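>>> model the following, please.
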Amino acid sequence: MRLNLRILPLLVACCLLLTVAGCMFSGVRPGGRSEQITMEVTGYCDCQKCCGWERNLFFQPVYAYGPLKGQRKKVGITASGTKAKLGTIAADTSRFPFGTRIFVPGYGWGTVEDRGGAIKGNKLDLFFKSHQDALNWGRQTVVVEVYR
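Numbering: from 1, shown residues only. The predicted structure is shown next:
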């Protein structure tokens, strides 16, 4: 099967148009109702210090404290079962269920995929790739935009 060379420029133009359109709309806000909420926002990573785990006698990661103390811990896996990555948010899931999209100024878009024992009410934890990045974010009070 031979490709008609007169059609090739048209195919290339269509591909470029679709690529540009995809880039233009990638930052579009999700549909649904939104609200602005003032929240205390901290940073975390998947390290032992941030996530409360330690290594047992067999060098396996286990929970360091709480009701699961001593039980195996899957490092880097969120409470919803996803792999923690930039954009992962930990929240009080009784207020912000898994899948809630949130825009945090200075961080960007994220999705609630995790929770923590100290995260109650209007508090969020933002996942960072390194402990130093989480420390650099620190603890801030910001107005976030929550989409439900």
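
>>> who does the residue sitting nearest the centre point of the chain bridge with?
Centroid-nearest residue in the chain: Thr88, 1.3 Å away (criterion: C-alpha atoms, centre = their mean). Listed beta-bridge partners, Thr88: Thr111 (assigned using DSSP bridges).

>>> surely Arg72 touches Pro61?
Yes. Here Arg72 reaches Pro61: they are 7.1 Å apart, a contact under C-beta atoms under 8 Å. C-beta: built from backbone N, CA, C; applies to glycine.

>>> which one of those two is surrounded by more residues?
Pro61 (17 against 12; other C-beta atoms under 10 Å).

>>> residue contacts, the more buried one?
Shown in contact with Pro61 (C-beta atoms under 8 Å, 6 or more residues apart in numbering): Gln48, Trp53, Glu54, Arg55, Arg72, Lys73, Lys74, Val75.

>>> repeat the analysis, applying 10 Å as the threshold.
The contact partners of Pro61, by C-beta atoms under 10 Å, 6 or more residues apart in numbering, come to Asp46, Gln48, Cys51, Trp53, Glu54, Arg55, Arg72, Lys73, Lys74, Val75, Gly76.

>>> now do the phi/psi pair for it.
Backbone geometry at Pro61, expressed as degrees, to the nearest 10, gives phi -70, psi 130.

>>> pLDDT value on it, please?
pLDDT, Pro61: 87.
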